[in-house]
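Colleague: sequence below, structure please.
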Amino acid sequence: MSKVKITVLNSKCRCGYCKAGEEYIVEDLCPPMCHELWNEIYPMVYALLNGASLDYGNKRAKCFDAKCPDEGRVAVHAVVIDETEGI
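Modeller: From the prediction side, this is the model:
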């Protein structure tokens, strides 16, 4: 089964939940991150967990970039990882 790795690229999080460089591996449950950010990215994470590819520039890919709805204070990159790749 695939998993999605979310990497925090940069952070000015008001709540202090996300720090630059943190990584979360998502299989099915919300990782310990701000719920506003999670609500923003969950539909894309769910799609990737279920085999979808998403628009990524001029191509389709099994990854995405997103920003926090609080004025983009946190930026993340998410990518599908395969169990065989290890963590």
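Colleague: all strands of this protein, in order?
Modeller: Per DSSP state E, the chain has strands spanning 3-11, 23-26, 54-56, 59-61, 63-67, 74-81. These are given in chain order.
Colleague: now tabulate those in TSV and tack on distance to residue 39.
Modeller: C-betas here are computed from N, CA, C, even on glycine. Rendered in TSV, the data for the strands of the chain read as follows (distance: least, Cβ to Cβ, whole Å):
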stretch	distance to residue 39
strand 3-11	14
strand 23-26	14
strand 54-56	17
strand 59-61	22
strand 63-67	11
strand 74-81	13
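Colleague: nearest to residue 34, out of those?
Modeller: Comparing those by their distance to residue 34 (Cβ to Cβ), the top pick is strand 74-81, with 7.3 Å.
Colleague: strands paired with that closest one, and their directions?
Modeller: Here strand 74-81 is paired, per DSSP bridges, with strand 3-11 (antiparallel), strand 63-67 (antiparallel).
Colleague: nearest to residue 74 among these would be which one?
Modeller: Put simply, out of the strands paired with strand 74-81 the one that sits nearest residue 74 is strand 3-11, at 4.8 Å, with distance taken as Cβ to Cβ.
Colleague: in that closest one, which residues are buried?
Modeller: Using 16 or more other Cβ atoms under 10 Å as the burial criterion, the residues of strand 3-11 that qualify are 3, 4, 5, 6, 8, 11.
Colleague: among the residues you listed, which one lies nearest to residue 43?
Modeller: Checking the buried residues of strand 3-11 against residue 43 with Cβ to Cβ, the nearest one is residue 4 at 12.2 Å.
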